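[1] Next come a sequence and a model predicted from it.
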Amino acid sequence: MQVDRDVTVYINKTKQTAPAELVPFYAAFEDLYDKKLWHQLTLELNKFVDMPAAAPYLVPLYNEFVSEWQKRMNQLSLVQFVSKASRTIKDPTQSLAFLNIQVDRLRDAAEERGPFVLAAMEAAHIKLVSGDFEGCRASIDQCEAILNSLTSVETVVNASFYRVAADYYKAKALYPQFYHNALLFLSSVSLDELSPADKAERAYDLSLSALLGDGLYNFGELLMHPILDSLKDSSSAWLRNLLFAFNSGDNDGFEKISKSGDFLKMPLLVSSMPFLSQKLCLMSLMESIFRRSKEERGRLSFSTIAKDTRVAVNEVEHLVMKALSLGLIRGSIDEIDKTVSVTWVQPRVLEMGQIKTIRDRLAQWSGNVKEKVLSLEQDGGIDISAAAE
């Protein structure tokens, strides 16, 4: 058998002590290696790594066997294997050194940018949990530049990048950046891959970041995402309800929840009440404009805006100017007539209640058109529908 002596010795020795469910894998490893069937060997290795009993054997398997033929292996599969193996090493320093073998090996491999990013981001995760925020951020910046230069990227690579980036921004309390990266991570994985606890934690963190993130005025994408259902019937259901209240500009809903015991137990939210109140006013303004027709938007009185947003009439101008400066709306203010003309409102990802508003508006528009047609036919004695045919 034309097999490297050290590889043979390791495989035969491990077969004698390994759990019964792993023995067939070692026999297959030896046979496929001897036949130089690298693709089939990689597939067998992928099955092996998913076996619960295989965890303590992953690092030795790499050191004594996989490293012998890693150049012939699909590099993305290799990095995935090494990443899983690194998680079995308890010492973060040793785990990072183990991963950095692949980072250093792939650093200058122009044709393996995806595998390099995966290895670098998994290493960045270890840096993050070890408190090396600078090193983690440097890896994020480097890998982001690489990903932006690629025309296509494997989903597993994107998932790793967005997961680690989101974790970094969470640790730094940078809510908008966390929100965007966490949603992109969810778009790169199947929810079936996440445990119930992981789903609930991610939904909770996303909800808080949506509320506290400066510049985040549209939660529609999150509200429509199934991960938010993990908060239903849980102790955090109130947080989900709060998001819906904000997105629809529901002042009464916000007031009720903000006085609840669950809300008051959250020092972060309680201390942010001035910010949350201003944010709700802006979202109430956007919702008020969104619900109105083009004609109504052309002349909104200060008193109407004050009623919808729950601010004093003398504060309406400042609120509208804030919305204009943030790019939430476009239009003009008539200080003499105390009116606002809105020509544009920021596009939004709509939840079902807002979609119903559009449906009702289209129905009203259709009815108006029908009335106009009937009126023209009666005044001119012309059957417009027949003429069109």
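    Nice, I can see it.
[2] would you say residue 179 is within a helix?
    Yes. Applying DSSP: H, G, I helix; E, B strand; the rest coil, one finds residue 179 inside a helix.
[3] pretty sure it is touching residue 210, no?
    Yes. Checked against C-beta atoms under 8 Å, the pair residue 179 and residue 210 is within contact range at 5.9 Å. Using the backbone N, CA and C atoms, a C-beta is placed for each residue, glycine as well.
[4] Give the residues shared as contacts by the two.
    Taking C-beta atoms under 8 Å, 6 or more residues apart in numbering as the contact rule, residue 179 and residue 210 both touch 216, 222.
[5] got a list of what the closest residue to residue 83 other than its chain neighbours touches?
    Counting by C-beta to C-beta, 6 or more residues apart in numbering, residue 83 lies nearest to residue 122, which is 4.5 Å off, once chain neighbours are set aside. When contacts are counted by C-beta under 8 Å, 6+ apart, residue 122 is found next to 79, 83, 86, 99, 160, 164.
[6] Just the mean pLDDT for the helix or strand harbouring residue 122, thanks.
    Remark: residue 122 resides in helix 113-129, with elements defined by DSSP states H and E. Confidence over helix 113-129 (mean pLDDT, whole number) is 97.
[7] Just after it, pick out the following helix or strand.
    Past helix 113-129, heading to the C-terminal end, the next element that is a helix or strand (DSSP H and E) is helix 133-149.
[8] Identify each buried residue in whatever helix or strand comes next after that next one, please.
    Scanning forward in sequence from helix 133-149, with DSSP H and E defining helices and strands, the next element found is helix 155-171. Burial within helix 155-171, assessed by neighbour count using 16 or more other C-beta atoms under 10 Å, is assigned to 156-170.
[9] How about stretch 309-320?
    Across stretch 309-320, burial judged by 16+ other C-beta under 10 Å covers 309, 311, 316, 319-320.
[10] ok, now how distant is residue 264 from residue 257?
    Counting by C-beta to C-beta, to the nearest Å, the gap from residue 264 to residue 257 is 10 Å.
[11] can you check residue 233 too?
    In this structure, residue 233 and residue 257 are 17 Å apart, going by C-beta to C-beta.
[12] The two: which is more packed in?
    Regarding residue 233 and residue 257, a neighbour count based on other C-beta atoms under 10 Å identifies residue 257 as having more, with 18 against 7.
[13] Spatially, what comes nearest to the more buried one if we skip its sequence neighbours?
    Residue 257's closest residue in space is residue 242 (C-beta to C-beta, 6+ apart), at 4.9 Å.
[14] List the contacts of the one you found.
    The contact partners of residue 242, by C-beta under 8 Å, 6+ apart, come to 207, 211, 253-254, 257, 263.
[15] rerun that using 7 Å as the cut-off
    With C-beta atoms under 7 Å, 6 or more residues apart in numbering as the criterion, the residues that contact residue 242 are 211, 254, 257.
[16] Tabulate those residues in CSV, adding columns for pLDDT.
    CSV is the format used below for the contacts of residue 242 (pLDDT from 0 to 100):
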residue, pLDDT
211, 97
254, 96
257, 97
